[in-house]
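Asker: here is the input, now give the coordinates:
(one chain, ligands or ions: 1)
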Amino acid sequence: MKRMGVLGLGTMGSGIAQAAAESGFEVVGVEVSGALLEKGRKRVEAGIERRVNSGRMDSDGAAAVLSRIVYSTSTSDFSDCGVVVEAVFEEESVKSEALKSISAAVSESAVVASNTSSISITRLSGSVSHPERFIGMHFFNPVPVMKLLEVVRGYLTSDETASKAMETGRRMGKEVVSVADYPGFVSNRVLMPMINEAAFALMEGVASRDDIDRVMKLGMNHPMGPLELADFIGVDVCLDILKVLYEGFRDPKYRPCPLLVNMVNAGRIGRKSGEGFYTY
Ligand SMILES: NC(=O)c1ccc[n+]([C@@H]2O[C@H](COP(=O)([O-])OP(=O)(O)OC[C@H]3O[C@@H](n4cnc5c(N)ncnc54)[C@H](O)[C@@H]3O)[C@@H](O)[C@H]2O)c1
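Answerer: Next up is the predicted model:
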């Protein structure tokens, strides 16, 4: 388990590649095209530069980290990776194709992992040739900073694969939590209903936006209020995950708040659109 592959070098994949290289892994980063690969490389390099600028890494350390990462547009370069983490778009068809391609490239002993935040690991395991060697490794954004790794065991994941994934996470300096494959895992199953309830409280006029966030910050010691957090995550992403919970459990307690639906339809999806619950 010396070499890690990362497919997709977007927000999460670039963070995973950086964190892995910083903890001593050799990393193979793969993107779909040369242009996207170049963007991915810049994201990784910017992350490492931030470490240097904040004084947490010196320039020799940064050079060593950079030298451990190679870039490619072909999954065949995953052939000697002990673990490959898929971090492509959160769309089942895209993930399914990506996993087939990883699966065809890796060795017989490699662990294949998905960083999905909401798709069932057991369902995705239909796209790999060895479901017992497939698992969820749910990192959090920004990966080099956030301590948590949720390791999600699919129905067919073997004990050996689970221990390899957990060991990989620990080597990356993460606190690893093992969870079973049910909608939302633990993180989003607990977080999203809170955000949804905050949206209901706002919609019903229970309190103002600022007061709802203030209650959770000052009363519960949360660093960010739930509405501010929804903007940070993306209101569209929150709505998609709530739909996964609602459809996965068929339980009305996960019914997405109509205000979230309206906001997404209006394009007010949070920080990335310049406006959500707050204006940026
Ligand atoms: N952003 C978050 O806060 C967060 C947190 C936890 C988990 N996740 C999960 O991580 C995954 C990635 O999310 P993201 O926010 O990094 O998305 P993103 O859009 O920033 O990055 C996705 C990257 O995948 C690349 N890609 C798409 N198809 C590909 C393919 N076939 N081969 C290679 N590269 C491909 C894209 O070019 C893009 O760079 C999703 O499953 C998401 O649910 C996201």
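Asker: from now on I want contacts and neighbour counts done on CA atoms only, so please keep to that.
Answerer: Noted.
Asker: residue boundaries of the helices in the stretch 51-200 of the chain?
Answerer: 59-67, 92-105, 121-124, 159-171, 187-203 (DSSP state H, counting those that start in this stretch).
Asker: next, format these as JSON lines and append mean neighbour count.
Answerer: Formatted as JSON lines, the helices of the stretch 51-200 of the chain follow (neighbours: other C-alpha atoms under 10 Å):
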{"stretch": "helix 59-67", "mean neighbour count": "15"}
{"stretch": "helix 92-105", "mean neighbour count": "18"}
{"stretch": "helix 121-124", "mean neighbour count": "21"}
{"stretch": "helix 159-171", "mean neighbour count": "18"}
{"stretch": "helix 187-203", "mean neighbour count": "18"}
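Asker: with distance to the ligand and mean pLDDT added, can I get those in CSV?
Answerer: Formatted as CSV, the helices of the stretch 51-200 of the chain follow (distance: least, C-alpha to the nearest ligand atom, whole Å; pLDDT from 0 to 100):
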stretch, distance to the ligand, mean pLDDT
helix 59-67, 19, 97
helix 92-105, 5, 98
helix 121-124, 11, 98
helix 159-171, 15, 98
helix 187-203, 10, 98
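Asker: reformat those helices as TSV; add distance to Arg153.
Answerer: Conversion of the helices of the stretch 51-200 of the chain to TSV gives the following (distance: least, C-alpha to C-alpha, whole Å):
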stretch	distance to Arg153
helix 59-67	30
helix 92-105	16
helix 121-124	7
helix 159-171	7
helix 187-203	14
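Asker: three-state assignment of the closest residue in space to Tyr71 that isn't next to it in sequence?
Answerer: Of all residues not flanking Tyr71 in the chain, Gly29 sits nearest, at 4.8 Å (C-alpha to C-alpha, 6 or more residues apart in numbering). Judged by DSSP: H, G, I helix; E, B strand; the rest coil, the three-state class of Gly29 is strand.
Asker: was I right to think Gly29 contacts Ser74?
Answerer: No: taking contacts as C-alpha atoms under 8 Å, Gly29 lies outside contact range of Ser74: 9.4 Å.
Asker: which ones are touching Asp80?
Answerer: For Asp80, the contact set (C-alpha atoms under 8 Å, 6 or more residues apart in numbering) comprises 3, 106-107.
Asker: contact residues of this protein facing the ligand?
Answerer: Residues of the chain lying close to the ligand (C-alpha under 6 Å from any ligand atom) are 7-13, 30-32, 36, 87-90, 98, 115-117, 138-141.
Asker: repeat that with 8 Å
Answerer: 7-14, 30-33, 36-37, 39-40, 73, 86-91, 94-95, 97-98, 114-118, 138-142, 233 (C-alpha under 8 Å from any ligand atom).
Asker: which residues does the residue lying closest to Arg255 once chain neighbours are set aside contact?
Answerer: The shortest distance from Arg255 to any non-neighbouring residue, by C-alpha to C-alpha, 6+ apart, is to Tyr246 (5.9 Å). Counting by C-alpha under 8 Å, 6+ apart, Tyr246 touches 252-256.
Asker: return the members of those classed as buried.
Answerer: Neighbour counting by 16 or more other C-alpha atoms under 10 Å classes 254-256 among the contacts of Tyr246 as buried.
Asker: possible to save these as TSV with distance to Met220?
Answerer: Formatted as TSV, the buried ones among the contacts of Tyr246 follow (distance: C-alpha to C-alpha, whole Å):
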residue	distance to Met220
Tyr254	22
Arg255	24
Pro256	23
